[in-house]
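Engineer: any chance you could fold what I've pasted below:
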Amino acid sequence: MTPELASHRRKPASMVLEAKRLLKMATYSQIIKRVKTTYGHSPKTCHVADVKAKFGLTRGTAPNRIDNAARKYPCPADIRPHIEDALRHFRMI
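Structural biologist: Predicted structure coming up:
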């Protein structure tokens with residue numbers, strides 16, 4: 001194989017790093033399960049989304065969201081550390 005073809009098939013370093021980062025990300029159900037087993041309560045998915053957005057781990061706002069500035073159900077202050085702990089456990093933050 002010629003060097004031109006070999007370099008053409010390689011993925012850019014940014015794509016490889018993004019793929020590795022995505023492999024490390026836990027699902028919402030894994031995060032909720034971790035909080036439930038550790039702290040004894042199940043947070044809502046909207047609470048997990050609020051904490052993930054704080055750290056820039058979401059894709060962005062939904063196109064059908066009514067108010068981009070405010071969340072309908074923001075994460076309560078007493079639950080936020082539990083979700084952050086679960087994110088640290090999965091090495092997302």
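Engineer: from here on, just use CA atoms for contacts and neighbour counts.
Structural biologist: Fine.
Engineer: where does the chain have its least confident helix or strand?
Structural biologist: helix 3-9 (a mean of 56; mean pLDDT, DSSP states H and E).
Engineer: I figured P74 hits C46, correct?
Structural biologist: Yes. Under the criterion of Cα atoms under 8 Å, P74 is in contact with C46, at a separation of 7.2 Å.
Engineer: what is the neighbour count of the nearest residue to C75 once chain neighbours are set aside?
Structural biologist: Nearest non-adjacent residue to C75, counting by Cα to Cα, 6 or more residues apart in numbering: H47, 4.4 Å away. The local packing count at H47 equals 19, with neighbours defined by other Cα atoms under 10 Å.
Engineer: using the three-state scheme, assign the spatially most central residue of the chain.
Structural biologist: Relative to the mean C-alpha position of the chain, the nearest C-alpha, by Cα atoms, centre = their mean, is the one of L57, at 4.2 Å. Following DSSP: H, G, I helix; E, B strand; the rest coil, we place L57 in the coil state.
Engineer: and the residue nearest to C75, which helix or strand is it part of?
Structural biologist: H47 is located in helix 45-54, with elements delineated by DSSP states H and E.
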